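Colleague: Here's a sequence, model it:
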Amino acid sequence: MYNFERYNVCIMAYGQTGSGKSYTMLGPRSEERSGLPSGADEDSGIIPRAAEELFRLISENPSRSPKVDVSIVEIYNNNIFDLLAKDSSAVMSGVKCQAVTTQEGRSEAAKLTCRAVTSAVEFVGLIHRAVHLRVQHPTLVHKNSSRSHLVVTATLTTASSLDSTALQSSQSSAPVDSADRAGQLLARLQLVDLAGSECAAVSGVTGLALKETSFINRSLAALADVLGALSEHCDHIPYRNSKLTHLLQDSIGGDAKLLMILCVSPGQKHMAETLQGLKFGARARQVERRPSRRRPPSSQMRKPGMGLVW
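Modeller: This next block holds a predicted model:
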């Protein structure tokens with residue numbers, strides 16, 4: 001699913017409020033476990049499992065161990081808040097960031113706090129602290145309803161294996177990526193726990209919570225529009241209609257690898273939301289990855305054991 005060949009990867013959970021998205025991505029709530037999470041176990045969610053597997057695979061190639069930087073944000077009411085820059089006393093103000101497109105064409109949040117991690121324990125420890133700062137409000141459907149989208153980004157940077165061939169490549173007609181010229185290879189893994197789609201009449205929200213519901217549903221609709229445009233091969237993809245899709249632009253569409261996990265409720269009373277979720281999943285399945293336009297890595301990276309795949 002993931003490798004060092006400069007593909008961006010995104011794994012996200014979608015579904016209605018209370019359908020198990022956070023449990024799927026994060027595992028049991030932290031207060032139900034003793035101490036800080038120490039890696040993956042049988043009850044772990046996808047994020048701690050991904051961290052454990054990432055560093056296991058990195059350890060198999062110590063000569064090319066990459067630097068791993070982690071950022072964690074929540075998108076609340078269509079604003080991006082840096083959870084690693086918030087402290088326990090911050091309520092909803094936090095540190096607000098803007099989604100920007102860099103000169104290299106990458107979408108990211110400006111002036112975002114990034115923490116270097118060297119193990120799955122450090123990675124999951126950051127998640128543990130950040131999740132406690134995420135906005136939550138009780139509803140009739142879910143007593144711990146997350147009112148924001150959680151986006152965990154791991155950026156991998158490693159010394160390029162192309163240093164010895166960069167000069168030859170520059171003299172040929174083959175293009176050389178800017179990352180290659182800088183002697184770096186860059187890949188991004190984004191793990192996303194989306195806020196739940198919600199029917200206000202069912203959840204019973206009013207006031208601020210109703211405003212939150214409106215922003216959540218609009219951002220999820222924007223995500224559906226992006227997936228729809230990608231599946232129909234439209235010339236224009238409306239990434240910038242929402243901070244969520246703008247921030248995830250590099251991991252949705254193009255030659256990026258996207259895995260969508262659809263969470264649904266088995267309850268009869270939630271049938272309408274379940275059908276809506278299934279329609280969303282069907283649209284996501286129609287999206288096809290484009291062939292990679294990046295220059296293939298050198299033969300040195302193709303040797304057995306040099307690819308990071310899971």
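Colleague: Check the spacing between I72 and R115 real quick.
Modeller: 9 Å (CB to CB, to the nearest Å). For glycine as for every other residue, the C-beta is placed from the backbone atoms N, C-alpha and C.
Colleague: I'd like to know which elements whichever strand or helix holds V151 is packed against.
Modeller: Using DSSP states H and E, V151 sits within strand 149-159. Applying 3 or more CB pairs under 8 Å, 6 or more residues apart in numbering; DSSP states H and E, we find strand 149-159 packed against helix 46-59, strand 67-76, helix 120-131, strand 184-193.
Colleague: what do you get if the cut-off is 6 Å, keeping everything else the same?
Modeller: Applying 3 or more CB pairs under 6 Å, 6 or more residues apart in numbering; DSSP states H and E, we find strand 149-159 packed against strand 67-76, strand 184-193.
Colleague: For it, list the C-alpha coordinates in CSV.
Modeller: Taking C-alpha atoms only, strand 149-159 is exported to CSV below (Å, rounded to 0.1, in the frame of the first residue of the first chain):
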residue,chain,number,x,y,z
HIS,A,149,-12.1,16.3,10.9
LEU,A,150,-8.8,14.9,12.3
VAL,A,151,-5.9,14.8,9.8
VAL,A,152,-2.6,13.1,10.8
THR,A,153,0.2,13.6,8.3
ALA,A,154,3.5,11.8,8.3
THR,A,155,6.1,13.2,6.0
LEU,A,156,9.0,11.0,5.1
THR,A,157,12.3,12.5,3.9
THR,A,158,15.3,10.4,3.0
ALA,A,159,18.6,10.9,1.3
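Colleague: If you average the pLDDT over that strand, what comes out?
Modeller: Mean per-residue pLDDT for strand 149-159: 88.
Colleague: what do you get for stretch 213-228?
Modeller: Averaging pLDDT along stretch 213-228 gives 92.
Colleague: returning to that earlier point: buried residues of the strand holding V151, list them for me.
Modeller: H149, L150, V151, V152, T153, A154, T155, L156, T157, T158 (16 or more other CB atoms under 10 Å).
Colleague: do the same with stretch 218-230
Modeller: Here stretch 218-230 shows S219, L220, A222, L223, A224, D225, V226, L227, G228, A229, L230 as buried, counting by 16+ other CB under 10 Å.
Colleague: hang on, A116 packs against D69?
Modeller: Yes. Using CB atoms under 6 Å, A116 is in contact with D69, at 5.4 Å.
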